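Student: Predicted structure and sequence below. I'll ask about it afterward.
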Amino acid sequence: MSETAETPLGQEVTRELPPRIVIPPIKGEMVHLRPATVDDLPRMDELDAYYGASRITGKDAQAERAVVHTWVRRSVAWSHGQTPDESGVGDPESRRTIAWAVLTDADHDEDGQTDAASTANVIGMIFLIDIDGWSRSARIQIVLGRDYRGRGYSRDLMPRVMTYGFAPEPVGLGMHRIWVAVPEQNTRSRSVYRSLGFEPSGTSRDALWDAENNKYQDLIVMDTLVDEYDPIRSLDAFGMHLIEDNPGVQEALSAREHSIAIQKNTVSTQTGVRVDDAAPTDAENNRDDADNARETTSADTADTSTTVEETRHNTAVAPDASSEEESNWPYGQGERKTSKEAWWRTLGRGRKRSVEE
(Lines give C-alpha, C1' and ligand atoms only; values in the text may rest on other atoms or scores of the structure.)
Protein backbone atom coordinates (compact mmCIF):
# COMPACT_ATOMS: atom_id res chain seq x y z
CA MET A 1 0.00 0.00 0.00
CA SER A 2 1.38 3.39 -0.95
CA GLU A 3 2.38 5.81 1.76
CA THR A 4 0.44 9.04 1.38
CA ALA A 5 0.25 12.42 3.04
CA GLU A 6 -2.53 14.97 3.05
CA THR A 7 -2.15 18.44 1.58
CA PRO A 8 -3.71 21.44 3.37
CA LEU A 9 -6.75 20.95 1.14
CA GLY A 10 -7.15 17.37 2.32
CA GLN A 11 -6.02 15.79 -0.94
CA GLU A 12 -3.88 12.71 -0.67
CA VAL A 13 -0.53 12.82 -2.43
CA THR A 14 1.66 9.75 -2.79
CA ARG A 15 5.06 9.92 -1.17
CA GLU A 16 6.49 7.01 -3.11
CA LEU A 17 8.66 7.38 -6.15
CA PRO A 18 7.51 5.47 -9.24
CA PRO A 19 9.01 1.97 -9.54
CA ARG A 20 10.28 2.83 -13.00
CA ILE A 21 11.23 6.10 -14.62
CA VAL A 22 11.69 7.24 -18.20
CA ILE A 23 14.64 9.62 -18.09
CA PRO A 24 13.98 12.39 -20.60
CA PRO A 25 16.58 13.91 -22.91
CA ILE A 26 17.14 17.60 -22.24
CA LYS A 27 18.28 20.15 -24.81
CA GLY A 28 20.70 22.96 -24.15
CA GLU A 29 22.17 25.62 -26.37
CA MET A 30 25.77 24.48 -26.10
CA VAL A 31 25.27 20.88 -25.02
CA HIS A 32 22.49 18.34 -24.61
CA LEU A 33 21.68 15.51 -22.25
CA ARG A 34 20.72 11.89 -22.68
CA PRO A 35 20.39 9.16 -20.03
CA ALA A 36 23.84 8.01 -18.91
CA THR A 37 24.80 4.37 -19.40
CA VAL A 38 27.40 2.08 -17.87
CA ASP A 39 29.28 2.30 -21.18
CA ASP A 40 29.84 5.99 -20.51
CA LEU A 41 31.85 5.34 -17.34
CA PRO A 42 35.19 4.53 -19.04
CA ARG A 43 34.84 7.79 -20.96
CA MET A 44 34.82 9.70 -17.69
CA ASP A 45 38.26 8.26 -16.98
CA GLU A 46 39.44 9.29 -20.45
CA LEU A 47 38.14 12.80 -19.75
CA ASP A 48 40.08 12.97 -16.46
CA ALA A 49 36.76 14.01 -14.95
CA TYR A 50 37.86 13.42 -11.37
CA TYR A 51 40.83 15.75 -11.49
CA GLY A 52 40.75 18.32 -8.68
CA ALA A 53 37.82 16.64 -6.93
CA SER A 54 39.05 17.55 -3.45
CA ARG A 55 38.92 21.23 -4.33
CA ILE A 56 35.60 21.07 -6.16
CA THR A 57 33.46 18.62 -4.18
CA GLY A 58 35.62 17.84 -1.14
CA LYS A 59 36.14 14.19 -2.11
CA ASP A 60 39.36 12.61 -3.24
CA ALA A 61 39.50 11.43 -6.85
CA GLN A 62 38.98 7.74 -6.01
CA ALA A 63 35.91 8.46 -3.88
CA GLU A 64 34.48 10.74 -6.56
CA ARG A 65 34.95 8.06 -9.19
CA ALA A 66 33.29 5.45 -6.96
CA VAL A 67 30.19 7.52 -6.32
CA VAL A 68 29.81 8.43 -10.00
CA HIS A 69 29.89 4.73 -10.89
CA THR A 70 27.27 4.02 -8.23
CA TRP A 71 25.03 6.89 -9.34
CA VAL A 72 25.06 5.76 -12.97
CA ARG A 73 24.26 2.15 -12.05
CA ARG A 74 21.40 3.26 -9.80
CA SER A 75 20.03 5.47 -12.56
CA VAL A 76 20.14 2.62 -15.08
CA ALA A 77 18.50 0.27 -12.58
CA TRP A 78 15.63 2.70 -11.97
CA SER A 79 15.07 3.17 -15.69
CA HIS A 80 14.82 -0.65 -15.97
CA GLY A 81 12.31 -0.86 -13.13
CA GLN A 82 14.66 -2.68 -10.79
CA THR A 83 14.33 -2.34 -7.03
CA PRO A 84 17.37 -1.11 -5.09
CA ASP A 85 18.04 -4.71 -4.00
CA GLU A 86 17.91 -5.93 -7.60
CA SER A 87 20.19 -3.22 -8.93
CA GLY A 88 23.36 -4.73 -7.55
CA VAL A 89 24.45 -1.44 -6.00
CA GLY A 90 21.86 -1.20 -3.23
CA ASP A 91 20.32 1.80 -1.54
CA PRO A 92 19.11 1.22 2.02
CA GLU A 93 16.96 4.37 2.02
CA SER A 94 15.58 3.77 -1.50
CA ARG A 95 16.71 7.23 -2.56
CA ARG A 96 16.89 7.03 -6.30
CA THR A 97 19.31 8.69 -8.72
CA ILE A 98 19.06 10.07 -12.25
CA ALA A 99 22.23 10.38 -14.33
CA TRP A 100 22.54 12.15 -17.66
CA ALA A 101 25.54 12.15 -19.97
CA VAL A 102 26.53 15.62 -21.18
CA LEU A 103 27.20 15.67 -24.92
CA THR A 104 28.36 18.27 -27.38
CA ASP A 105 28.20 18.07 -31.17
CA ALA A 106 30.00 21.37 -31.60
CA ASP A 107 33.43 22.49 -32.68
CA HIS A 108 33.82 25.29 -30.17
CA ASP A 109 37.59 25.54 -30.56
CA GLU A 110 37.25 25.77 -34.35
CA ASP A 111 39.83 23.11 -35.11
CA GLY A 112 37.58 21.46 -37.69
CA GLN A 113 36.61 18.55 -35.42
CA THR A 114 33.83 17.85 -32.95
CA ASP A 115 35.20 18.72 -29.52
CA ALA A 116 34.59 15.35 -27.89
CA ALA A 117 34.75 12.94 -30.81
CA SER A 118 37.18 10.65 -28.97
CA THR A 119 34.64 10.00 -26.20
CA ALA A 120 31.54 9.69 -28.41
CA ASN A 121 30.78 13.39 -27.74
CA VAL A 122 30.47 12.79 -23.96
CA ILE A 123 32.14 15.59 -21.97
CA GLY A 124 30.76 14.84 -18.50
CA MET A 125 27.67 13.96 -16.48
CA ILE A 126 25.01 15.70 -14.43
CA PHE A 127 23.03 14.05 -11.65
CA LEU A 128 19.97 14.35 -9.47
CA ILE A 129 20.92 12.22 -6.49
CA ASP A 130 19.48 11.35 -3.09
CA ILE A 131 16.00 11.67 -4.61
CA ASP A 132 13.79 11.28 -1.56
CA GLY A 133 10.16 10.58 -2.40
CA TRP A 134 8.88 11.09 1.13
CA SER A 135 10.48 14.51 1.58
CA ARG A 136 10.38 15.38 -2.14
CA SER A 137 14.02 16.43 -2.03
CA ALA A 138 16.99 15.88 -4.35
CA ARG A 139 20.61 16.98 -4.69
CA ILE A 140 22.14 18.20 -7.95
CA GLN A 141 25.76 17.75 -9.03
CA ILE A 142 27.67 18.10 -12.29
CA VAL A 143 31.03 16.54 -13.19
CA LEU A 144 32.83 17.68 -16.35
CA GLY A 145 35.99 16.44 -18.02
CA ARG A 146 39.13 18.32 -17.15
CA ASP A 147 39.47 19.93 -20.61
CA TYR A 148 35.79 20.90 -20.75
CA ARG A 149 35.66 23.06 -17.67
CA GLY A 150 35.52 26.81 -17.93
CA ARG A 151 33.64 26.82 -21.25
CA GLY A 152 30.18 27.68 -19.94
CA TYR A 153 28.57 24.26 -20.26
CA SER A 154 27.34 24.10 -16.67
CA ARG A 155 25.35 27.32 -16.88
CA ASP A 156 23.50 25.84 -19.86
CA LEU A 157 22.49 22.70 -17.98
CA MET A 158 21.71 23.32 -14.34
CA PRO A 159 18.59 25.48 -14.74
CA ARG A 160 17.13 23.03 -17.26
CA VAL A 161 17.68 20.00 -15.04
CA MET A 162 16.26 21.84 -12.04
CA THR A 163 13.20 22.84 -14.07
CA TYR A 164 12.57 19.14 -14.77
CA GLY A 165 13.17 18.26 -11.13
CA PHE A 166 10.63 20.78 -9.86
CA ALA A 167 8.00 20.21 -12.56
CA PRO A 168 4.93 18.34 -11.31
CA GLU A 169 4.52 14.67 -12.08
CA PRO A 170 4.26 13.09 -14.60
CA VAL A 171 6.10 15.78 -16.59
CA GLY A 172 8.84 16.08 -13.96
CA LEU A 173 9.86 14.64 -10.63
CA GLY A 174 7.61 16.86 -8.54
CA MET A 175 10.38 17.78 -6.10
CA HIS A 176 9.78 20.27 -3.33
CA ARG A 177 13.45 21.01 -2.62
CA ILE A 178 16.71 20.79 -4.56
CA TRP A 179 19.97 21.30 -2.74
CA VAL A 180 23.72 21.39 -3.21
CA ALA A 181 26.68 20.81 -0.92
CA VAL A 182 29.65 23.08 -1.59
CA PRO A 183 33.11 23.09 0.01
CA GLU A 184 33.84 26.30 1.86
CA GLN A 185 36.70 27.26 -0.45
CA ASN A 186 34.62 26.82 -3.63
CA THR A 187 33.43 30.41 -3.59
CA ARG A 188 32.67 30.48 -7.33
CA SER A 189 30.10 27.73 -6.93
CA ARG A 190 28.43 29.43 -4.00
CA SER A 191 28.17 32.70 -5.87
CA VAL A 192 26.53 31.26 -8.94
CA TYR A 193 24.23 29.01 -6.94
CA ARG A 194 22.86 32.18 -5.36
CA SER A 195 22.22 33.47 -8.88
CA LEU A 196 20.21 30.31 -9.49
CA GLY A 197 18.12 30.98 -6.39
CA PHE A 198 19.89 28.80 -3.85
CA GLU A 199 20.24 30.13 -0.32
CA PRO A 200 22.65 28.92 2.38
CA SER A 201 20.73 26.73 4.79
CA GLY A 202 23.40 25.20 6.99
CA THR A 203 27.07 24.51 7.61
CA SER A 204 28.74 21.24 8.52
CA ARG A 205 31.82 22.33 10.39
CA ASP A 206 35.17 20.77 9.44
CA ALA A 207 33.31 18.20 7.36
CA LEU A 208 35.90 18.03 4.57
CA TRP A 209 39.65 17.71 4.31
CA ASP A 210 41.32 20.43 2.25
CA ALA A 211 44.28 18.55 0.79
CA GLU A 212 45.72 21.62 -0.95
CA ASN A 213 45.98 23.64 2.26
CA ASN A 214 46.41 20.68 4.62
CA LYS A 215 43.50 21.59 6.87
CA TYR A 216 39.81 20.91 7.43
CA GLN A 217 37.14 23.03 5.80
CA ASP A 218 33.41 23.50 6.25
CA LEU A 219 30.76 22.08 3.93
CA ILE A 220 28.11 24.63 2.98
CA VAL A 221 24.59 23.36 2.25
CA MET A 222 22.46 25.52 -0.04
CA ASP A 223 18.93 24.85 -1.25
CA THR A 224 15.93 26.26 -3.06
CA LEU A 225 12.26 25.30 -2.94
CA VAL A 226 9.72 24.80 -5.69
CA ASP A 227 7.87 28.02 -4.88
CA GLU A 228 11.13 29.96 -4.58
CA TYR A 229 12.90 28.78 -7.72
CA ASP A 230 12.41 30.85 -10.85
CA PRO A 231 13.45 28.60 -13.75
CA ILE A 232 13.07 31.20 -16.48
CA ARG A 233 14.93 33.93 -14.70
CA SER A 234 17.77 31.57 -13.83
CA LEU A 235 18.38 31.00 -17.54
CA ASP A 236 18.15 34.70 -18.24
CA ALA A 237 20.71 35.36 -15.52
CA PHE A 238 23.29 33.48 -17.58
CA GLY A 239 22.18 34.79 -20.97
CA MET A 240 20.60 31.50 -21.98
CA HIS A 241 17.52 31.03 -24.16
CA LEU A 242 14.39 29.21 -23.11
CA ILE A 243 13.85 25.91 -24.94
CA GLU A 244 10.12 25.43 -24.77
CA ASP A 245 9.92 21.71 -25.51
CA ASN A 246 12.21 20.75 -22.63
CA PRO A 247 10.44 18.91 -19.78
CA GLY A 248 8.78 21.23 -17.28
CA VAL A 249 9.15 24.45 -19.28
CA GLN A 250 5.50 24.77 -20.30
CA GLU A 251 4.46 24.23 -16.68
CA ALA A 252 6.90 26.94 -15.57
CA LEU A 253 5.55 29.36 -18.17
CA SER A 254 2.00 28.60 -17.12
CA ALA A 255 2.83 29.18 -13.46
CA ARG A 256 4.51 32.48 -14.29
CA GLU A 257 1.53 33.71 -16.30
CA HIS A 258 -0.76 32.71 -13.46
CA SER A 259 1.37 34.67 -11.00
CA ILE A 260 1.39 37.76 -13.19
CA ALA A 261 -2.40 37.52 -13.56
CA ILE A 262 -2.68 37.48 -9.75
CA GLN A 263 -0.47 40.57 -9.56
CA LYS A 264 -2.57 42.42 -12.12
CA ASN A 265 -5.77 41.49 -10.33
CA THR A 266 -4.34 42.57 -6.97
CA VAL A 267 -3.23 45.95 -8.30
CA SER A 268 -6.55 46.47 -10.05
CA THR A 269 -8.48 45.63 -6.88
CA GLN A 270 -6.38 47.93 -4.71
CA THR A 271 -6.39 50.93 -7.06
CA GLY A 272 -9.62 50.50 -8.95
CA VAL A 273 -7.65 51.01 -12.16
CA ARG A 274 -7.24 48.27 -14.71
CA VAL A 275 -3.63 47.24 -15.17
CA ASP A 276 -2.74 46.03 -18.67
CA ASP A 277 0.53 44.55 -19.74
CA ALA A 278 2.10 44.67 -16.29
CA ALA A 279 4.85 42.41 -17.59
CA PRO A 280 5.53 40.54 -20.82
CA THR A 281 4.48 36.93 -20.65
CA ASP A 282 5.58 35.31 -23.88
CA ALA A 283 8.70 33.25 -24.34
CA GLU A 284 9.89 35.49 -27.21
CA ASN A 285 10.45 38.37 -24.82
CA ASN A 286 12.47 36.05 -22.62
CA ARG A 287 14.63 35.17 -25.60
CA ASP A 288 15.08 38.86 -26.45
CA ASP A 289 16.24 39.57 -22.93
CA ALA A 290 18.62 36.63 -23.10
CA ASP A 291 20.09 38.10 -26.30
CA ASN A 292 20.62 41.40 -24.52
CA ALA A 293 22.29 39.55 -21.71
CA ARG A 294 24.66 37.87 -24.15
CA GLU A 295 25.86 41.27 -25.35
CA THR A 296 26.79 42.37 -21.84
CA THR A 297 28.54 39.23 -20.63
CA SER A 298 31.30 36.97 -21.87
CA ALA A 299 30.02 33.76 -23.44
CA ASP A 300 32.97 31.69 -22.37
CA THR A 301 33.25 32.17 -18.60
CA ALA A 302 32.12 29.14 -16.59
CA ASP A 303 32.73 27.11 -13.50
CA THR A 304 34.82 24.04 -12.82
CA SER A 305 33.02 20.70 -12.64
CA THR A 306 30.37 21.88 -10.20
CA THR A 307 29.31 25.35 -11.41
CA VAL A 308 29.91 28.44 -13.56
CA GLU A 309 32.28 31.35 -13.34
CA GLU A 310 31.78 33.61 -10.34
CA THR A 311 31.98 36.67 -12.52
CA ARG A 312 28.56 35.84 -13.97
CA HIS A 313 27.06 36.65 -10.59
CA ASN A 314 28.55 40.14 -10.68
CA THR A 315 27.66 41.12 -14.24
CA ALA A 316 24.71 43.12 -15.51
CA VAL A 317 22.59 40.01 -16.00
CA ALA A 318 22.98 38.59 -12.52
CA PRO A 319 19.71 38.78 -10.53
CA ASP A 320 21.15 41.08 -7.88
CA ALA A 321 22.74 43.53 -10.28
CA SER A 322 20.61 43.99 -13.38
CA SER A 323 18.71 47.21 -13.95
CA GLU A 324 14.93 47.20 -14.02
CA GLU A 325 14.87 48.28 -17.69
CA GLU A 326 16.55 45.00 -18.64
CA SER A 327 14.14 42.86 -16.63
CA ASN A 328 10.77 41.56 -17.77
CA TRP A 329 9.96 40.06 -14.39
CA PRO A 330 7.21 41.07 -11.96
CA TYR A 331 9.90 42.52 -9.72
CA GLY A 332 12.86 44.43 -11.08
CA GLN A 333 16.08 42.55 -10.59
CA GLY A 334 17.42 45.49 -8.63
CA GLU A 335 14.76 44.83 -5.99
CA ARG A 336 15.20 41.06 -5.88
CA LYS A 337 13.36 39.42 -3.04
CA THR A 338 14.99 37.18 -0.49
CA SER A 339 14.27 33.48 -0.81
CA LYS A 340 11.48 33.74 1.75
CA GLU A 341 9.88 36.48 -0.35
CA ALA A 342 10.33 34.84 -3.74
CA TRP A 343 8.22 36.26 -6.54
CA TRP A 344 5.99 33.18 -6.91
CA ARG A 345 5.19 33.19 -3.20
CA THR A 346 4.72 36.96 -3.01
CA LEU A 347 2.34 36.90 -5.96
CA GLY A 348 0.26 34.21 -4.36
CA ARG A 349 1.33 30.96 -6.03
CA GLY A 350 3.21 29.57 -3.04
CA ARG A 351 2.10 28.56 0.40
CA LYS A 352 1.65 31.21 3.05
CA ARG A 353 4.76 31.42 5.17
CA SER A 354 6.27 33.83 7.59
CA VAL A 355 8.73 36.13 5.89
CA GLU A 356 10.57 36.88 9.11
CA GLU A 357 14.28 36.03 9.00
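Tutor: Looks like it came in fine.
Student: Any regions of the protein where pLDDT drops low?
Tutor: Residue ranges of the chain with pLDDT under 70: 1-13, 90-94, 107-111, 115, 263, 266-357.
Student: Can you show me the helices along it?
Tutor: With DSSP state H applied, the chain shows helices at 41-46, 53-56, 61-79, 153-166, 187-195, 231-237, 249-271, 283-296, 343-346, listed in chain order.
Student: Throw the ones you listed into CSV and include distance to residue 218 and mean neighbour count, thanks.
Tutor: Bear in mind the C-beta positions are built from the backbone N, C-alpha and C, glycine included. Converted to CSV, those look like this (distance: least, CB to CB, whole Å; neighbours: other CB atoms under 10 Å):
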stretch, distance to residue 218, mean neighbour count
helix 41-46, 28, 16
helix 53-56, 14, 22
helix 61-79, 18, 19
helix 153-166, 23, 26
helix 187-195, 11, 22
helix 231-237, 26, 25
helix 249-271, 33, 16
helix 283-296, 33, 16
helix 343-346, 29, 20
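Student: Quick one, which of those gets closest to residue 32.
Tutor: Residue 32 lies closest, by CB to CB, to one member of these: helix 153-166, at 9.0 Å.
Student: Turn the helices of the chain into JSON lines, including distance to residue 134.
Tutor: Output for those, formatted as JSON lines (distance: least, CB to CB, whole Å):
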{"stretch": "helix 41-46", "distance to residue 134": "30"}
{"stretch": "helix 53-56", "distance to residue 134": "30"}
{"stretch": "helix 61-79", "distance to residue 134": "16"}
{"stretch": "helix 153-166", "distance to residue 134": "16"}
{"stretch": "helix 187-195", "distance to residue 134": "25"}
{"stretch": "helix 231-237", "distance to residue 134": "24"}
{"stretch": "helix 249-271", "distance to residue 134": "23"}
{"stretch": "helix 283-296", "distance to residue 134": "35"}
{"stretch": "helix 343-346", "distance to residue 134": "23"}
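Student: who wins for proximity to residue 141 among those helices?
Tutor: Among those, helix 61-79 comes nearest to residue 141, with 8.5 Å by CB to CB.
Student: what's in contact with the closest one?
Tutor: Helix 61-79 is touched from outside by 20-23, 35-38, 40-41, 44-45, 49-51, 53-54, 57, 59, 84, 86-89, 91, 96-99, 125, 127, 129, 143, with contacts defined as CB atoms under 8 Å, 6 or more residues apart in numbering.
Student: Tell me how many other residues surround the closest residue to residue 36 other than its chain neighbours.
Tutor: For residue 36, the nearest residue in space outside its immediate sequence neighbours is residue 99; the separation is 3.9 Å by CB to CB, 6 or more residues apart in numbering. Counted by other CB atoms under 10 Å, the residues lying close to residue 99 total 27.
Student: one step back: now for the helices of the chain, which one comes closest to residue 147?
Tutor: When these are compared (using CB to CB), the closest one is helix 41-46, at 10.5 Å.
Student: Check which helices and strands that closest one sits against.
Tutor: helix 61-79, strand 122-132 (3 or more CB pairs under 8 Å, 6 or more residues apart in numbering; DSSP states H and E).
Student: could you check the angle strand 122-132 makes with the longest one?
Tutor: Following axes from the mean of the first three to the mean of the last three CA atoms, to 10 degrees, one obtains 70 degrees for the angle between helix 61-79 and strand 122-132.
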